[in-house]
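Novice: Sequence plus the predicted model coming up.
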Amino acid sequence: MRQQLLLSAFFAGAVNLLSGQAEQNAPELNRALSARIDSLKTEDQKYRNRLTELKNMSIPDEAEIKQAQEAILKTDSLNLIQLKRIFRQYGYPGSDLVGKQSAHNFWLIIQHCDQDPAFQEEVLGAMKQEVEKGTVSGWAYAYLTDRVLVNQDKPQVYGTQMRLNRDSTSYEPKPLIEPDKVDDRRGEMGLSPIAFYIETMNTRYFGSLKKE
């Protein structure tokens, strides 16, 4: 019994030692870059959230909607400049550089760089390497993959990019390859089934749907 306790204490100590060494050897996060990315994300979401609120009102204010849309375009243009500077200096900032939340925020803003599809595609290439390293999630890569393809007028792969259907009663995926296999591809990337995703979109953006 005494021998077992000694062995347990030894292994516990070894695990703690290794954990401590791993923590010491882990790369230190770039807090300044993280804060910079988070600030850009705040601006990115401010008017988008407001636009969703306005469209979901029982009586939407068209003038305010137009102002929000114009603010979004201006913010996207300003953020694009900053994102390019970040990417040129650091490459794709994964979770090992800026932490999980800021890495997610960087991806979110890149999604909205539609005015420069070539830059989005360049970032996508760098992002793939981060996915292989485990510093970026596969589902995020799937979203940007689709975004790049749609912005190049090509069919998407995972069905993440949506539009209103013909009678505006529901969202539906923009054109995609092999629609009957989309759930298989989505599952491989950690995405929910397409039917659930459509339901989520309809719930969040119900103000855009035609009232029956």
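Specialist: Alright, I've got the coordinates. Since the model is a prediction, treat every value here as computed from it, not as a measurement. Numbers count the residues shown, from 1 in each chain.
Novice: pretty sure residue 83 belongs to a strand, no?
Specialist: No - under DSSP: H, G, I helix; E, B strand; the rest coil, residue 83 falls outside any strand and is assigned helix.
Novice: Could I get the buried residue list for stretch 46-57?
Specialist: 47, 48, 50, 51, 52, 54, 55 (16 or more other CB atoms under 10 Å). C-betas here are computed from N, CA, C, even on glycine.
Novice: Residue 91: which of the residues you listed is nearest?
Specialist: Nearest to residue 91 among those, counting by CB to CB, is residue 48 at 26.4 Å.
Novice: Mind telling me what element that closest one is part of?
Specialist: In this structure, residue 48 sits in helix 31-55 according to DSSP states H and E.
Novice: Which strands and helices lie in contact with that helix?
Specialist: Packing contacts for helix 31-55, counted by 3 or more CB pairs under 8 Å, 6 or more residues apart in numbering; DSSP states H and E, involve helix 62-90, helix 95-98, helix 100-110.
Novice: now the ones you listed as TSV including mean neighbour count?
Specialist: What follows is these, written out as TSV (neighbours: other CB atoms under 10 Å):
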stretch	mean neighbour count
helix 62-90	14
helix 95-98	21
helix 100-110	21
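Novice: for these, which one sits closest to residue 158?
Specialist: When the helices and strands packed on helix 31-55 are compared (using CB to CB), the closest one is helix 100-110, at 14.5 Å.
Novice: got a list of contacts for that closest one?
Specialist: With CB atoms under 8 Å, 6 or more residues apart in numbering as the test, helix 100-110 has contacts from 33-34, 37-38, 40-41, 44-45, 79, 83, 86, 92-95, 97-98, 120, 123, 127, 130, 135-137, 140, 143-144.
Novice: what about 7 Å?
Specialist: 34, 37-38, 40-41, 44, 79, 83, 93-95, 120, 123, 135-136, 140, 144 (CB atoms under 7 Å, 6 or more residues apart in numbering).
Novice: can you check stretch 57-67 too?
Specialist: Outside stretch 57-67, the residues that touch it by CB under 7 Å, 6+ apart are 51, 54, 55, 207.
Novice: for that stretch, what is the average pLDDT?
Specialist: Stretch 57-67 comes out with an average pLDDT of 91.
Novice: ok, back up a step: ok, so of the buried residues of stretch 46-57, who is nearest residue 196?
Specialist: residue 52 (19.6 Å).
Novice: Would you mind giving both backbone torsions of the residue lying closest to that closest one once chain neighbours are set aside?
Specialist: In this structure, residue 52 finds its nearest non-sequential neighbour in residue 205, 6.5 Å apart by CB to CB, 6 or more residues apart in numbering. In terms of degrees, to the nearest 10, the main-chain angles of residue 205 are phi -110, psi 40.
Novice: per-residue confidence for residue 205?
Specialist: Value listed for residue 205 in the pLDDT field: 92.
Novice: Number of residues surrounding it?
Specialist: Counted with other CB atoms under 10 Å, residues neighbouring residue 205 total 16.
Novice: now do residue 32
Specialist: Here the count is done by other CB under 10 Å, and residue 32 has 9 residues near it.
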